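Peer 1: Below is the structure, and that's it, no one-letter string:
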C-alpha cells in the first residue's frame, strides 16, 4: 500500500509518524493533505529512509541537492558530496549520474543515504550510439523496475513531452534544455513515434504503486532562458502533466510536478498559480528558477532569488542550483554553497508564508545578537561552521584572540557598535 | 545651481548629458524625473565623478558598495577594495570609515573614485569619551561643510530619528541597529535634547545646496531583525523623512530616502509602496533587506533576495551586503561577492520591471549558449572572469585542455548535452 492509499484510508504509517514527529506537524493535517494528493511522502520501503520528507504547501519547504557524475564516476567523491549535502541540510538528493558507472553510483549512494533519493531512469534506459537514440518500452520499464526494487524513492519521468510539442519547442530561442526531455524529443523525432513513457503510463503506474515510488513529472520543456519562459510549449506540457497527475492519483501513486527553469522574476508567481490550477494542487518541485541568464558562476544566487519567490507563492520542494551551473559539474564546496543558498530561500519563504513556528529561529537569533552570545548565534545560523570561521578570522585580524568574549565585531569596532550603544540606552530607559 | 534646480529650469548640465549617453536614457525623461524629485543625480562639482549615476524608478537600478575601516585603517587595502568594487560593477560607493584615520581615508578614496562617493558625517562629528557622547551643532555643520568641500557626492544624515521615537525603539527586540541612529539616540537621551540634525535642518540644506550634495535620509530605526520590521517606530521615522524630503526639494536640494534592513519577504512590497506614498516618490535606497536573520556568512544571498523584491517594487538604489555582514569587516573577495550578488538583484529587477532594453543581455547570452560561444558567454556574464575560471577548471579536470572549443561542459558531458541534442533536432526540423 502506498502512503497515498494509506492516507486515504486514514491509516498512520510508520513513515508518517516519523515525519510528523520530526517536523512537528499535526497527524490529521498530514493525513488530509496526503490523501488529497496536495502532499507527498517519498519513501520507498526498499530504501526506508530514516529521515523522511513531507512535500506540500502546508509544510516546511524542502531542498533537494543533485549529485552524480558523467563518464568515469569517482564514487568516493560522490559519497563525500552526499555527506556535504546532508551536513548542509538537504532534505533529499537526486543521483543524476549518466554513463556506464551510473548504476554502481546509485546503489552506493542509496546504501549511504538517510534521506529520500531520486533518479531519472531514462538516463540509464537510453542507448545512444553516435547520433541515433534507442529507447525500447521494455528496457525503459525494466530500468524503472530495477531502480524501484533497489529503493529509489522518487523518479523524474518526462512523460508529458509529446510529439505535438516539438514544433512549438523548435520555435524557441533555446528549445529543450532538459537532458531527459531532449532525449525523449530526439527519439520521438527519429522514430516518428509518441513518447513511450506516455504510451506506457499505466505500466509505469503499476510499478510505482507496487514499490511506492513517488512520481516527479519532469518538465522537459522547462524554459532554458528568460525569453522562453511561459511560452506555448511550456504551458502545453503542463496541461499534459495535469492529466498525468490525475491518472497517478487515481492509481494510488504519489505524484509531484517539476517546474522551471529560467523565468523572469515578475512571472514566477503567475507560473506557480497556473501550476496549482492545471495540476490540481499537486506539490510543485522547482529548479531555481534563475531570474537572469547572465549570472554564470553565481547561479546559486540567481536561483535562490527565484526559488524564494516560487516557494512564497506555492512551490513546495526546491531543487538547488550551484555556482557551477552552466559551466560544469559542481565541486564539494559548490554543493555546500548550493544547499545553503536554497535553505535560505526555503526558510525565507516559510517565514513569508507564515508557516507556524518558522520565525522562531530568527527571533532567537535576534536575542542572541543582543546578548552578544556568539556561540548561540553560530548554533542558530544555517551554516554555523562558516559563520564561526568568518567571525574568528576577522576578529583575530584585529588582535582579539578570545573573540567569543567580544561584545562587538570588527564591522564597527567596539566604540561604534550600535548594539552596545543600544544596550546602554535600554539600561538608562529602564533605570 | 544643483542638478535639481537645473532640471526645474529645463537646463541640461554636463553631468546629465554624460549619464544620459552612458545609460541610453532620453534627456526629456531624465529632466522630468529630476525636476520632480523622483530621480537624483549625485554629483558634487568638487569631485565631478566621471561615471555619473542616475537614481530613480524610471532608470536602471543602481548598486552601492560600502567601504571603510574602523581603528587603524589600511589605506592601500581600502584602495584595493575600491578597485574590486568598481571592477565588479558598483555604481557608487560609501566610505563608512570611523576613527581618527577616517578623514585621510575619505580624501584618498575621493581622489581615486570615478563614481559618486557617499559618507555618514556623524561618524566624524561625534566625540565619544567612554560612555558619554558629545555632538555640537557647530562641529556637526562644520564636518558636513568640510566633507562637502572635499567633494562628497551624497551624505547619509539621520535627521528623522526624534526624541519621541526613543520609547518606541526601546520596545523593540533589537532597538536601534544603525550606527548613526544609535549615536543620535544616545546623545538625545544623555542631553535630553532633540536631534541636532533635525533642529539645524535649514543650515544643513543651505550647505547641501551650495555644494550640490545629495541627501540620503538615514533610517536610524531600520529594523535589525524580522521581528522589528514595519513597527510603529519605523513608520514614525518614515513620516518625518517624508517631511524632510519635501523641505529638501523646496530648498533645491536633491534627496533620497534610506530603507531597511531586516524585513520578511512578504512585507517588502508593502514597505516600498508605503515609502513612495509617505515620501512623495523620492528615490528609495535600501540596505538589502535581508529576509531572514539566520544567514550569517551568506547574508549577501539573503540580502540579494530581499533587494530583488525591493527593486522590483520600487527601490532604485541597492546598498550591498557582503558575506561578512553581522560577523566582521568584509575582505576584498567579500566586496566582490557582495557587488555581484547585488548586480544580479538589480538586473533581475530591471527585467521584472520591463525596463526598456534590460533583457537584451539575457537574450544575447541565450544565443551564445546555443552557439557554444564560450568567449561571448564570458563577455556577457556579470563576472566573466569568474565564469571563465570555473569553466576552465571543471573542463580541464575532464582532460579537455582546449575547452573553449568544446561544444559541451562537464555538467552533462558530450553524450548527454541537451543543447547539442537540441541543435540536431533543430537541424532535422529545418531540413
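Peer 2: Arrived safely. Being a predicted model, the structure only gives us computed values, none of them experimental.
Peer 1: ok, so what distance separates the residue nearest to residue A:231 when sequence neighbours are not counted from residue B:351?
Peer 2: Nearest residue to residue A:231, sequence neighbours excluded (CB to CB, 6 or more residues apart in numbering or on different chains): residue A:172, at 6.3 Å. Where you see a C-beta, it was placed from the backbone N, CA and C, and this is true even at glycine. Per CB to CB, to the nearest Å, residue A:172 is found 18 Å from residue B:351.
Peer 1: Contacts for the lowest-mean-pLDDT helix or strand in chain A next, please.
Peer 2: Least confident helix or strand, chain A: strand A:127-129 with a mean of 74, by mean pLDDT, DSSP states H and E. Outside strand A:127-129, the residues that touch it by CB atoms under 8 Å, 6 or more residues apart in numbering or on different chains are A:133, A:134, A:135, A:139, A:183, B:415.
Peer 1: Name the residues of it that are buried.
Peer 2: Within strand A:127-129, the residues that count as buried by 16 or more other CB atoms under 10 Å in any protein chain shown are residue A:128.
Peer 1: can you confirm residue A:257 is in a helix?
Peer 2: No. Under DSSP: H, G, I helix; E, B strand; the rest coil, residue A:257 sits outside any helix and is assigned strand.
Peer 1: how deep is it tucked in, by neighbour count?
Peer 2: 27 (other CB atoms under 10 Å in any protein chain shown).
Peer 1: surely it meets residue A:241?
Peer 2: Yes. Counting by CB atoms under 8 Å, residue A:241 is a contact partner of residue A:257 at 5.3 Å.
Peer 1: which residues are common contacts for these two?
Peer 2: Common neighbours of residue A:257 and residue A:241 (CB under 8 Å, 6+ apart) are A:217, A:219, A:279.
Peer 1: between these, which is closest to chain B?
Peer 2: Nearest to chain B out of the shared contacts of residue A:257 and residue A:241 is residue A:219 (CB to the nearest CB; 12.7 Å).
Peer 1: which residues sit in contact with that closest one?
Peer 2: Residue A:219 neighbours (CB under 8 Å, 6+ apart): A:158, A:160, A:178, A:181, A:234, A:237-238, A:241, A:257-261.
Peer 1: mind running it again at 10 Å?
Peer 2: By CB atoms under 10 Å, 6 or more residues apart in numbering or on different chains, the residues touching residue A:219 are A:156, A:158, A:160-161, A:178, A:180-181, A:234, A:237-238, A:241, A:257-261, A:275, A:285-287.
Peer 1: Scan chain A for its longest helix.
Peer 2: Longest among the helix segments of chain A by residue count, using DSSP state H, is helix A:332-352.
Peer 1: related to what we said a few turns ago, can you give the strand pairings for the least confident helix or strand of chain A, parallel or anti for each?
Peer 2: strand A:132-134 (antiparallel) (DSSP bridges).
Peer 1: Quick one: mean pLDDT over the strand it pairs with.
Peer 2: Mean pLDDT, strand A:132-134: 87.
Peer 1: can I assume residue A:210 is in contact with residue A:5?
Peer 2: No. Applying CB atoms under 10 Å as the test, residue A:210 and residue A:5 come out as separate, 11.7 Å apart.
Peer 1: Could you check how far the closest residue in space to residue A:161 that isn't next to it in sequence is from residue A:298?
Peer 2: Excluding the flanking residues, the one nearest residue A:161 by CB to CB, 6+ apart is residue A:220, at 3.5 Å. Relative to residue A:298, residue A:220 is positioned 27 Å away (CB to CB).
Peer 1: more neighbours, these two?
Peer 2: Taking other CB under 10 Å, residue A:220 and residue A:298 do not tie; residue A:220 has more neighbours (32 against 29).
Peer 1: The more buried one contacts residue A:233, correct?
Peer 2: Yes. Under the criterion of CB under 10 Å, residue A:220 is in contact with residue A:233, at a separation of 9.4 Å.
Peer 1: And for residue A:337, the neighbour number?
Peer 2: So residue A:337, with other CB under 10 Å, has 27 neighbours.
Peer 1: same check, this time on the one 3 residues further on
Peer 2: By other CB under 10 Å, 24 other residues sit near residue A:340.
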